[in-house]
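Student: model the following, please.
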Amino acid sequence: MSPEVSWLDEEHRAWLQAQLEAQLRFARGFAHPSGGAYYLAEGGRPDLTRPVQTWITSRMLHVYSLGHLAGIPDCLEPAQAALAGLTGQLHDAVNGGWYAGVGPEPGQRNGTKAGYAHAFVVFGSSSATVAGVPGAPELLDDALKVLDQHFWEESPGLHLDSTSEDWSQISDYRGVNANMHSVEALLSASDTTGNPLWRQRATRITQTVLGWAEANDWRIPEHFTPDWVPLLEHHRDQPDHPFEPYGATVGHGLEWARLALHVRGALGADAPASLLTGAQALFDRAVADGWHADGADGFVYTTDWAGRPVVTQRMHWVLAEAISASAALAAVTGDDRYQQWYRRCWDYAKAYLITPDGSWIHELDSQNRPAGTVWPGRPDLYHSVHAVLLQRLPLAPTAPTALARGLLV
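Tutor: Okay, here's the model as predicted:
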């Protein structure tokens, strides 16, 4: 067994596997008849009032590709359905790239070209390529070209946020969220294609963000001007924005801690020490600010720049990232305090988030009661699948390649 996972006992690993299988069974009805993924409501039912969205479709392509690589039955067909949406109704055949979403009514579309969504097209198609989903290599090649040509800005070494449908108008907003998911996507693409350029870009982005965090007491500035000047008051009047919330996003500190360790693993002996120390500092700041911050268990969604809670909803993805980050730090350092956080987070997930059908409630209120003000329903499986899978794999190579090499324990 890899030393990175040797601290996980056999019973717990078997439970994680059962949870992975349950999640993938729960959401199997996501497929839209024209290709792509429905937004799922309670019980895994398609929400017919919502559009088919590129980011959700790409995430479903990713997780069902992982399921297929892990040997779980009946995952290939859902992955094919997701891919069909990305090569079909979600793809802009005129201008290239992918619409933000289409529907729910025939002929409706959101033509915005979002870096966040395009990063997930790269990520999903990379996983699908490794999984052998027909058409995935061509999709990955196209997605990498689009991300490179239309989103990458060489001078800052970051991706811009969004453009108009025909690429002619670039948004003045710059954000960290699209770049965060680009890191994971590019690491995977580098493993899949063998091209080191994508790993180099992932490393450059990560080091930039760690620098911003260190200069800001390890609370990551998320929103910027076109010249990458921080906008620390952005969305103060809409603090619970699902993609651009005001202040410091606790879950992103946790997620970047994990990603820094994936970059460190990918670089091997050439990795700078700052990737580990940065990951530890981000994790420590996030748990200090976020856990039990308002007197109840769980992580608050956001804080202000002094660490005071702002939005006290509990999002499932924040807890999932805390699980993944604590597992990664435990594997790298052997420090028992990360194992303690890992166990604490699973105790919370079992008590409040995981339902008998295997799905995760996506949002709780400040008293840990089911809520839906930001994330109603069960949109996708990305974070919760990672929470039951990544700790059973090495930090490098990335999950699809590691699964293909038989490294799952």
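
Student: mind listing residues that contact stretch 78-88?
Tutor: 28, 30-32, 34-37, 52, 54, 57-58, 60-61, 64-65, 67-68, 98, 121, 124-125, 128, 131, 133-136, 139 (C-beta atoms under 8 Å, 6 or more residues apart in numbering). C-betas here are computed from N, CA, C, even on glycine.

Student: can you tell me the element Ile220 falls in?
Tutor: Under the criterion DSSP states H and E, no helix or strand holds Ile220.

Student: give me every residue that touches it.
Tutor: Contacts of Ile220 (C-beta under 8 Å, 6+ apart): 176, 209, 212-213, 248-249, 252-253, 256, 282.

Student: ok, now how distant is it from His118?
Tutor: Distance of Ile220 to His118, computed by C-beta to C-beta, to the nearest Å: 21 Å.

Student: tell me how many other residues surround the nearest residue to Glu244 once chain neighbours are set aside.
Tutor: Closest residue to Glu244 apart from its sequence neighbours, by C-beta to C-beta, 6 or more residues apart in numbering: His235 at 5.5 Å. Counted with other C-beta atoms under 10 Å, residues neighbouring His235 total 17.

Student: pretty sure His235 contacts Phe243?
Tutor: No - in this structure, His235 is not within contact of Phe243 by C-beta atoms under 8 Å, at 9.8 Å.

Student: joint contacts of the two?
Tutor: When contacts are counted by C-beta under 8 Å, 6+ apart, the set common to His235 and Phe243 is empty.

Student: rewinding a little: looking at the contacts of Ile220, which is nearest Glu165?
Tutor: Closest approach to Glu165 among the contacts of Ile220 (C-beta to C-beta): Val176, at 24.1 Å.

Student: now the residue nearest to that closest one when sequence neighbours are not counted: how far from Gly35?
Tutor: Nearest residue to Val176, sequence neighbours excluded (C-beta to C-beta, 6+ apart): Glu222, at 4.8 Å. Counting by C-beta to C-beta, the separation of Glu222 from Gly35 is 32 Å.

Student: so for these two, which residue has more residues nearby?
Tutor: Between Glu222 and Gly35, Glu222 has the larger neighbour count (other C-beta under 10 Å), namely 26 against 21.

Student: contact partners for the more buried one?
Tutor: Contacts of Glu222 by C-beta under 8 Å, 6+ apart are 175-177, 234, 244-245, 248-249, 252.

Student: which ones among those map onto strands?
Tutor: Mapping these onto strands (DSSP state E) picks out 175, 248-249.

Student: adding pLDDT, distance to Asp335 and neighbour count, write these out as TSV.
Tutor: Shown next, in TSV, are the ones in strands among the contacts of Glu222 (pLDDT from 0 to 100; distance: C-beta to C-beta, whole Å; neighbours: other C-beta atoms under 10 Å):
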residue	pLDDT	distance to Asp335	neighbour count
Gly175	98	32	23
Ala248	98	24	27
Thr249	97	25	26
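
Student: sketch out the helices for the stretch 251-400 of the chain, chain order is fine.
Tutor: Secondary structure of the stretch 251-400 of the chain, counting by DSSP state H, counting those that start in this stretch: helices at 274-290, 316-333, 336-348, 382-389, 399-404.

Student: which one of those helices lies closest to Gly107?
Tutor: helix 382-389 (28.8 Å).

Student: distance between the closest one and the chain's centre?
Tutor: 9 Å (C-alpha atoms, centre = their mean, to the nearest Å).

Student: how about stretch 311-324?
Tutor: 12 Å.

Student: for the contacts of Ile220, pick the one with the most neighbours.
Tutor: Most surrounded of these: other C-beta under 10 Å gives Gly253, at 30 neighbours.

Student: how about the strands in the stretch 1-150 of the chain?
Tutor: Counting by DSSP state E, counting those that start in this stretch, the stretch 1-150 of the chain has strands at residues 52-53, 101-102, 109-110, 113-114.

Student: helices or strands next to the third one in the packing?
Tutor: Counting contacts by 3 or more C-beta pairs under 8 Å, 6 or more residues apart in numbering; DSSP states H and E, strand 109-110 is packed against strand 101-102.

Student: just list the residues touching the nearest residue to Pro370 once chain neighbours are set aside, thanks.
Tutor: Nearest non-adjacent residue to Pro370, counting by C-beta to C-beta, 6+ apart: Ile361, 5.3 Å away. Ile361 makes contacts with 316, 352-353, 355, 370, as judged by C-beta under 8 Å, 6+ apart.

Student: need the pLDDT of Ile361.
Tutor: Looking at Ile361, its pLDDT reads 97.

Student: can you add distance to Ala269 and give the ones in strands among the contacts of Glu222 back as JSON lines?
Tutor: Shown next, in JSON lines, are the ones in strands among the contacts of Glu222 (distance: C-beta to C-beta, whole Å):
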{"residue": "Gly175", "distance to Ala269": "33"}
{"residue": "Ala248", "distance to Ala269": "33"}
{"residue": "Thr249", "distance to Ala269": "33"}
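
Student: of those residues, closest to Ser274?
Tutor: Ala248 (20.2 Å).

Student: who does the closest one bridge with?
Tutor: Here Ala248 sits in beta bridges with Thr303, going by DSSP bridges.

Student: what residues are up against it?
Tutor: Taking C-beta under 8 Å, 6+ apart, we find Ala248 in contact with 219-220, 222, 289, 302-305, 307.
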